[in-house]
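1. Sequence and predicted model, in that order:
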Amino acid sequence: MDIARYAELFRTEAREHLAGIDEALAVLADGSADGGQHDAIDALFRATHTIKGMAGAMGYASVEQLSHAYETLLAAVRESALPADSTLVTLCYEAADALAQHVDDAVDGNADRPVSISLLERLASMADSIDSDRGHRTTATWRVPSMDDDAADAPDDEPDDESAHPDGPIPTTTIEWVVTTDTARGERRGRVIVVALAPDAPLKSVRAQIALARLEALGTVQGTEPPLQTVSDLFDGEFTIVMDTASTDAELEAAVRSAGDVARVVVRDPVARRATKDVLRHVRIDLKRLDALLDLMGELVITRDRLLAVAEVNGDRTVMATAQETSRLISALQEQILQARMVPVGQVFDRFPRMVRDVARDLGKEVSFTMEGRDIALDRSMLDAIGDPIVHLLRNAMDHGIESAAQRTAAGKPDVGRLVLRAIRDRAAIVIAVEDDGRGVDRARVLARAIADGRVERHVTSLTDDDLIKLLSQPGFSTAESVTAVSGRGVGIDVVANRVRALGGSMDIETVPGRGTIFSLRLPVTLAIVRALLVQVADRTYAVPSAHVMEAVEFDEAARLTLRGREAVSLRDEVLPLVRLRQVFGEPVTHDVDAQLLVVDAGGRRFACTVDALLGQQDIVVKTFDAVVGATALFSGATILGDGSPALIVDVGSLA
């Protein structure tokens, strides 16, 4: 059998396990002592063991050799139950990096590249030096037998190495059982306690909780079936508890019966049993196929709009009904395709803890890094595009924002700086925020540098947040006195601003001297198909993304004001800056034509735009284009309307 055709599949699956390794290492590096380190070590061991098994099946000797050495070290750590120190974590990170490199080398045809002898020796030396006499932990998966299961004690001759299965690990819903041998307390063993409460017992769920509490006093409960924390009023009173205990069966039964209203208790050994394979519910699809499917979906949306327009002109009720039903089905298909492309932002976020740790170490700073909103979903194309902007913001926060430990102590702050990366859903957009509790942006210093560079007039005495973000986003602008390996060349924020604008989003900043800074990136959920409001300006049609439009009202010239030399409009006791799109787009301004007013929001900044007419809302297919070099970025893309004519998509952020 030619296994070369499975090479890319091996790389994809190996990268998923390597991402899990990075996530677990971040937990180890955090140094928490709440038991999370044990779970992280277990996760590391499972991921490394799976990679070793897959590499063995593919014949990738170097990957198998390195993962075996890594697995041996992790096994020693897991068996010792000792906390992971910084030396161990650093070595684990180095081994993970080497493993990732060997995976790529093997798939790219360099499977014979030898593993570093030095690394193998250090892994072996670290494993040998770990004291393994303080405890022993093993894991196994147990099928929970029912009260009437006669086959519970039947032997199982199937192999227990799930990684060797041709379809990968078999999914299971059984309980993972961790058995601990503690020499100070004697031999502990796994027990399964099956309980049936009396049929007429009142408050069965409460009674079950009491029985569980009594058993927890005798050992470590590994799990229950069903989960007793989630049982409802319809709970029938039968449940199973899997636990690790040194107590006798009689003591366990007595503990359960002391809860009262117990009809039957059976205590038995857990039976290792291969779980029945579930029906396959997930398939791997090449991203190119999804991209092609989305492109076809976009063309179908354009054709749908043309079909509706033709049906309306035709006037035939049957044709119109058929066109509307077709439109409904296409909209449903569009929603399903877009959902199929949505992936959690955690797939991008998970690579940042390692980067933050390395940069903080290079800078000689202590940083506590937190990620929030990892489960929020974005279109895959958007997810691929936001990685680099986030990297720039995180590096900028650690270099320019967070102070050294000595400076923080002098300022009355904790020695460890706080850095937060969060994702928040806001209507039809996603907000990615990078927050630090550092020194904040020195507005006076930024202003002085901007004046010295000729970017700001000398009479300017202060900067607003809007002015600040515009200056920081200019190419080559930096307040750093010297160039470092992290920053100082004036390209970080500039790169972020350009990338975010190209994605149809906007960037905002909030900063307080001495307290910290928040950079916020407001992005659309998807780049492909968006809801837009079609407007007319002069004799042209433009599309304004609906996510930015707060409301549309009739424009009354009497409500127009002039503040600080700029036009504004008073709307329900709120004064908003006024932007005339005719003027922005180079069309002649006639005050008797501007009849409609759009109230829009761009990254938290609200303002009003005048347009000639509102033409309606519809889904549009976003087509990107390269703007003229040096031209003002007023448009984020283009689309094709139902009549076949093109329309430019307004970049609302550029109007603020």
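-> Yep, it's here.

2. The nearest residue to residue 340 once chain neighbours are set aside: what's it in contact with?
-> The shortest distance from residue 340 to any non-neighbouring residue, by C-beta to C-beta, 6 or more residues apart in numbering, is to residue 290 (6.6 Å). Yep, even glycine has a C-beta here, placed from its N, CA and C like the rest. Counting by C-beta atoms under 8 Å, 6 or more residues apart in numbering, residue 290 makes contact with 337, 340-341, 380.

3. Show me which of those residues is closest to residue 613.
-> residue 337 (32.3 Å; C-beta to C-beta).

4. Work out for me the element the residue nearest to residue 340 sits within.
-> For residue 290, the host element (DSSP states H and E) is helix 287-314.

5. buried set for that helix?
-> By neighbour count with 16 or more other C-beta atoms under 10 Å, helix 287-314 contains the buried residues 290, 294, 297-298, 300-302, 304-305, 307-308, 311.

6. Stretch 335-343 now?
-> 337-338, 341.

7. Would you agree residue 454 falls within a helix?
-> No: assessed with DSSP: H, G, I helix; E, B strand; the rest coil, residue 454 is coil; it does not lie in a helix.

8. That one: what's it in contact with?
-> With contacts defined as C-beta under 8 Å, 6+ apart, residue 454 has no neighbours.

9. let's have the chain start at 861 instead
-> All set: I'll call the first residue 861, so the last point we hit is now residue 1314.

10. what about the stretch 1361-1510 of the chain, any weak spots by pLDDT?
-> 1387, 1451-1454, 1463-1464, 1484-1493 (pLDDT under 70).

11. Help me confirm that residue 1241 comes into contact with residue 1389.
-> No: using C-beta atoms under 8 Å, residue 1241 is not in contact with residue 1389, being 11.6 Å away.

12. out of the two, which sits in the more crowded spot?
-> Taking other C-beta atoms under 10 Å, residue 1241 and residue 1389 do not tie; residue 1389 has more neighbours (20 against 16).

13. my guess is residue 938 meets residue 899, correct?
-> No: Residue 938 lies out of contact with residue 899 (C-beta under 8 Å); the separation is 10.7 Å.

14. quick one: which of those two has more around it?
-> The neighbour comparison of residue 938 against residue 899 (other C-beta under 10 Å) goes to residue 938, with 21 against 13.

15. gap between the more buried one and residue 1242?
-> 39 Å (C-beta to C-beta, to the nearest Å).

16. Kindly report the same for residue 1325.
-> Counting by C-beta to C-beta - residue 1325 and residue 1242 are separated by 25 Å.

17. again, but for residue 1419
-> Distance, residue 1419 to residue 1242, using C-beta to C-beta: 38 Å.

18. Those two: which has the busier surroundings?
-> Between residue 1419 and residue 1242, residue 1242 has the larger neighbour count (other C-beta under 10 Å), namely 24 against 17.

19. Which positions in the helix or strand containing that one come out as buried?
-> Here residue 1242 sits within helix 1240-1256, counting by DSSP H and E. If you call a residue buried by 16+ other C-beta under 10 Å, then helix 1240-1256 has these buried ones: 1240-1243, 1245-1246, 1249-1256.

20. can you list the domains in this structure?
-> As recorded under automatic domain parsing, the domains making up the chain are 863-993, 997-1008+1020-1132, 1147-1200, 1204-1384, 1389-1515.

21. Out of those, which gets the lowest mean score?
-> Per-segment mean pLDDT for the domains of the chain reaches its minimum on domain 997-1008+1020-1132, at a mean of 69.

22. now stretch 963-971, how far from the centre of its chain.
-> Mean C-alpha position of stretch 963-971 versus that of the full chain (C-alpha atoms, centre = their mean, to the nearest Å) differs by 28 Å.

23. Out of the contacts of residue 1150, which sit inside helices?
-> Among those, the ones falling in helices (DSSP state H) are 1197, 1200, 1240.

24. Residue 1427 contacts residue 1435, doesn't it?
-> No: between residue 1427 and residue 1435 there is no contact under C-beta under 8 Å: 10.9 Å.

25. which neighbours do these two share?
-> residue 1421.

26. Pipe the buried residues of stretch 1195-1203 into CSV and attach distance to residue 868 per row.
-> Listed next are the buried residues of stretch 1195-1203 as CSV, based on distance: C-beta to C-beta, whole Å:
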residue, distance to residue 868
1197, 24
1198, 26
1201, 20
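
27. of all these, which comes closest to residue 1477?
-> Among the buried residues of stretch 1195-1203, and counting by C-beta to C-beta, the member closest to residue 1477 is residue 1198, at 17.4 Å.

28. Contacts for the helix or strand residue 1116 falls within, please.
-> According to DSSP H and E, residue 1116 maps onto helix 1109-1117. Helix 1109-1117 has contacts (C-beta under 8 Å, 6+ apart) with 1051, 1053, 1055, 1071, 1074-1075, 1077-1078, 1105, 1107, 1122, 1125, 1127.

29. ok, back up a step: possible to save the contacts of residue 1150 as TSV with distance to residue 1369?
-> Output for these, formatted as TSV (distance: C-beta to C-beta, whole Å):
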residue	distance to residue 1369
1197	36
1200	35
1201	30
1240	28
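
30. picking that back up, what is the nearest of the buried residues of helix 1147-1174 to residue 1208?
-> For these, the closest approach to residue 1208 (C-beta to C-beta) belongs to residue 1150, at 17.3 Å.

31. buried residues in stretch 872-886?
-> For stretch 872-886, by 16+ other C-beta under 10 Å, it's 873-874, 877-886.
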